[in-house]
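Visitor: Any chance you can model this:
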Amino acid sequence: MRPPPAEADARADYRGTLRDSGSPLEKATLSALDEVQQVLTLRLTGTDRFQAGNEPSRFGRLFGGQLVAQAISAAAGTITGFAPHSIHASFLRPGQPTAPLDITVDRTRDGRTMSIRQVTVQQDGRTLLTATVSFDANPEIADDATVAVAAPAPETLPLLQHWAQQAPPELAGPASTWIDRPAPLEMRIAEAPIFLGGAQAPGQRAHWMRLPRAIDGGPQEHAVLLAYASDYLLVDTAVRAHPHRVGYGTHMGLTLDHSIWLHRPVRFDQWHLYTQQTVGGGGDRALVHGTIVDVSGRHVASTAQEVLIRPRPAPGSEGS
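Guide: Residues are numbered from 1 along each chain as shown. Predicted structure coming up:
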């Protein structure tokens, strides 16, 4: 593992945690969280219809985690007394951060203990995402079983921004985005992701994540923000474990679908360890599984995502 830089970049001081550094990075990350909370506050436009804004562009297109979180928020806006326990989302086409989103909810089923909603997210009349969101009464359970957290303590690991600062010259432009417009999370990881110059390797990879400050929201807001964060680094995990030599300069990775199962209430302003592993694939597709445990070792959520990895089209040609 490469050590963190000896001297902090002029744009940010990466020592300590985001919560006590008072750095430009801390301020930018807190601002990003404010923005995400704003775009997850939907505007009611009709019966079971909502409109929402977008985060500022970080990837040149809408982040899938934002769409997943907004789908859960919209579905939750049509039901009371139940908590989300799963979402299965399909990404149909990319969206742009410059136009608002129109979200429609279909009340598929309402039962005594479980309810299901179908959600469609559109932009300019084009469907970006369809999702099934399931809710249940979420009864209290006396399951305090924990698993051993097989990872170094989060504060001993570099921030994602350490790796961004050390990215090779050919990746410096995209890497700077993670410093100038950071994700609304504190993420700590023992190795550089592939998109920041890391090496391909088989096996699982884990990172710690949490919100950069405490939030006043209830369990549902914490669940929605965890769902948002669950989309980070899964494509990179698929690229990391690809059986052939691939990279972001020669290949593109796209998310086809994303599923989350929420096993218990979470407090996402505390540390969670997200372990990801590519478990199979065929053709250009790879399936990545994820397990999220809290700092005490309680298994709080599971994820699955199918990723498409294809060579980039030659300049002037059209990709399929």
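Visitor: quick one: secondary structure of residue 188?
Guide: Counting by DSSP: H, G, I helix; E, B strand; the rest coil, the backbone at residue 188 sits in strand.
Visitor: residues contacting it?
Guide: 154, 155, 157, 158, 159, 160, 207, 208, 209 (Cβ atoms under 8 Å, 6 or more residues apart in numbering). Quick note: C-beta positions are derived from backbone N, CA and C, even for glycine.
Visitor: In ChimeraX, how would I select the buried members of these?
Guide: This is how ChimeraX selects the buried members of the contacts of residue 188, with burial counted by 16 or more other Cβ atoms under 10 Å:
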select :154,157,158,159,160,207,208,209
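Visitor: Inside helices: which ones of the contacts of residue 188?
Guide: residue 160 (DSSP state H).
Visitor: Which of the contacts of residue 188 sits closest to residue 184?
Guide: Distances from residue 184 to those, taken as Cβ to Cβ, are shortest for residue 209 (10.5 Å).
Visitor: these two touch, right, the closest one and residue 270?
Guide: No. Judged on Cβ atoms under 8 Å, residue 209 makes no contact with residue 270 at a distance of 10.4 Å.
Visitor: residues of stretch 99-110 that come out buried?
Guide: Per 16+ other Cβ under 10 Å, stretch 99-110 contains these buried residues: 101, 102, 103, 104, 105.
Visitor: any idea where the helices of the stretch 151-300 of the chain begin and end?
Guide: Using DSSP state H, counting those that start in this stretch, the helices of the stretch 151-300 of the chain run over 160-165, 172-180, 219-229, 234-240.
Visitor: And the average pLDDT for the first one is what?
Guide: Confidence over helix 160-165, taken as the mean pLDDT, stands at 95.
Visitor: Kindly report the same for stretch 50-70.
Guide: Mean predicted confidence for stretch 50-70 is 93.
Visitor: how about the CA coordinates for that stretch, as CSV?
Guide: Taking only C-alpha atoms (Å, rounded to 0.1, in the frame of the first residue of the first chain), the coordinates of stretch 50-70 have been written out as CSV:
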residue,chain,number,x,y,z
PHE,A,50,-43.0,13.6,-7.6
GLN,A,51,-40.3,15.8,-9.1
ALA,A,52,-36.7,15.9,-8.0
GLY,A,53,-33.4,17.7,-8.8
ASN,A,54,-29.9,16.2,-9.2
GLU,A,55,-26.5,16.4,-7.6
PRO,A,56,-23.9,18.6,-9.5
SER,A,57,-22.2,16.5,-12.1
ARG,A,58,-19.4,14.4,-10.8
PHE,A,59,-19.2,11.7,-13.5
GLY,A,60,-20.6,13.4,-16.6
ARG,A,61,-23.9,11.7,-16.0
LEU,A,62,-26.3,11.0,-13.1
PHE,A,63,-25.0,8.8,-10.4
GLY,A,64,-27.0,5.6,-10.1
GLY,A,65,-27.0,5.7,-6.3
GLN,A,66,-28.9,9.0,-6.5
LEU,A,67,-31.6,7.4,-8.7
VAL,A,68,-31.9,4.4,-6.4
ALA,A,69,-32.2,6.6,-3.3
GLN,A,70,-34.8,8.8,-5.0
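Visitor: Noted, bye for now.
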